[in-house]
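Asks: sequence and predicted structure are below.
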Amino acid sequence: MTSRLHTIVDGPATAPVLLLGSSLGTTSAMWEPQVAALAQRFRVIRYDHLGHGRSAVPAGPYTLDLLGRELLRTLDDLDVPQVHCAGVSLGGMVGMWLAAHAPDRVRRLALLCTSASLGPPAQWWDRAATVRAAGLPVIADAVVSRWFTPAFAAARPDVVTAYRAMLTATSPAGYAASCEAIATMDLRPDLGRVVAPTLVVAGADDPATPLEHAREIVGRIPGARLAVVPAAAHLANVEQPEQVSRLLRDHFDEEPGGR
């Protein structure tokens, strides 16, 4: 069975591969602020999660195991044995799964504005039911208000409008099924198995995955480091693109012995 994930590849074919996973309700386009900087040094592979963008939308509910195995199938189809991996939000959750369950495939890991357990589950089941019944526009304003700080939203309403459109263009069935994956997710017992050198990035003003979620991940992954991005909410890579690009480039440029 071939992969059902849509991918976009940038950068030199012979460079180390850097895999980028996006957040719930967005597509690989959310990484556009980083592509130019990262593709100078890496073969950058961006993908749309199952149920998002141009990827397939199988019937739900989904699980993190399903999303992770779909990503492994994609890497196999692309003949990519090993990657650096970075993910925002849902992309970070899938990245943690990948690093814990297929440690030989991940060289270095960056986890941005994410969580290993994002309860209570009822809120995700309720959101899934709401989206299936009424569509994404009914939740769009509340969701997008958590993606950007009020100051950024006031200064860049064009960006906020574009990301709201990205969210509402997502398949309601795919979004709801992905909410159900988050509802049943608890990656905390797996994190001690992560051996890839790990950078955890938190937005200082992120209401969706507050700083304590990043600190818990750092406490559970051996040797993980924390970086806090000031004046950034949930989509820190969009709100503070230069700082996040620099953090990622510096982290993935480091190559300790044996990795």
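Replies: Structure received. Numbers count the residues shown, from 1 in each chain.
Asks: going forward, measure contacts between C-alpha atoms and count neighbours the same way
Replies: Will do.
Asks: which parts of the stretch 151-259 of the chain are strands?
Replies: Read by DSSP state E, counting those that start in this stretch, the stretch 151-259 of the chain holds these strands, from start to end of the chain: 198-203, 225-229.
Asks: what's near enough to touch the residue nearest to the spatial centre of the chain?
Replies: When C-alpha atoms, centre = their mean is applied to the chain, the residue found nearest the centroid is Gly91 (2.1 Å). When contacts are counted by C-alpha atoms under 8 Å, 6 or more residues apart in numbering, Gly91 touches Leu20, Gly21, Ser22, Ser23, Leu24, His49.
Asks: which one of those sits in the busiest neighbourhood?
Replies: His49 (33 neighbours; other C-alpha atoms under 10 Å).
Asks: and it, that's in a helix?
Replies: No: residue assignment for His49, taken from DSSP: H, G, I helix; E, B strand; the rest coil, gives coil, which places it outside any helix.
Asks: that one and Val138: what is the separation?
Replies: Computed with C-alpha to C-alpha, to the nearest Å, the distance linking His49 and Val138 is 22 Å.
Asks: returning to that earlier point: how about the residue nearest to the centre of the chain: what's its closest non-neighbour residue?
Replies: Taking C-alpha to C-alpha, 6 or more residues apart in numbering, and ignoring the residues beside it in sequence, Gly91 has Gly21 as its nearest neighbour in space, at 4.1 Å.
Asks: Val88 is in contact with the one you found, correct?
Replies: Yes: at 6.4 Å, Gly21 counts as touching Val88 under the criterion of C-alpha atoms under 8 Å.
Asks: quick one, helices of the stretch 151-259 of the chain?
Replies: Along the stretch 151-259 of the chain, the segments classed as helices by DSSP state H, counting those that start in this stretch run 157-168, 172-183, 211-220, 236-239, 241-253.
Asks: contacting residues around the second one?
Replies: Right, helix 172-183. The set of residues that contact helix 172-183 without belonging to it, under C-alpha under 8 Å, 6+ apart, is 24-25, 50-52, 57-64, 117-125, 127-129, 131-132, 135-136.
Asks: one more time with 7 Å, if that's ok
Replies: 25, 51-52, 57, 60-64, 118-119, 121, 124-125, 128, 131-132, 135-136 (C-alpha atoms under 7 Å, 6 or more residues apart in numbering).
Asks: same question for the fourth one.
Replies: For helix 236-239, contacts defined as C-alpha under 7 Å, 6+ apart pick out Pro33, Phe148, Gly203, Ala232, Val244.
Asks: please apply the same query to stretch 55-71.
Replies: Contacts made with stretch 55-71 from outside it, assessed by C-alpha under 7 Å, 6+ apart, are listed as 3-6, 48-51, 94, 97-98, 174, 177-178, 180-181, 185.
Asks: any idea how far Arg249 is from Cys113?
Replies: 17 Å.
Asks: quick one, which of the two is more surrounded?
Replies: When neighbours are counted by other C-alpha under 10 Å, Cys113 comes out ahead of the other of Cys113 and Arg249, with 33 against 18.
Asks: residues contacting that one?
Replies: Counting by C-alpha under 7 Å, 6+ apart, Cys113 makes contact with Val88, Ser89, Val201, Ala202, Gly203, Thr209, His234.
Asks: try Val138
Replies: Applying C-alpha under 7 Å, 6+ apart, no residues contact Val138.
Asks: can I assume it sits in a helix?
Replies: Yes: in this structure, Val138 lies within a helix as judged by three-state DSSP.
Asks: what's the pLDDT at it?
Replies: pLDDT, Val138: 98.
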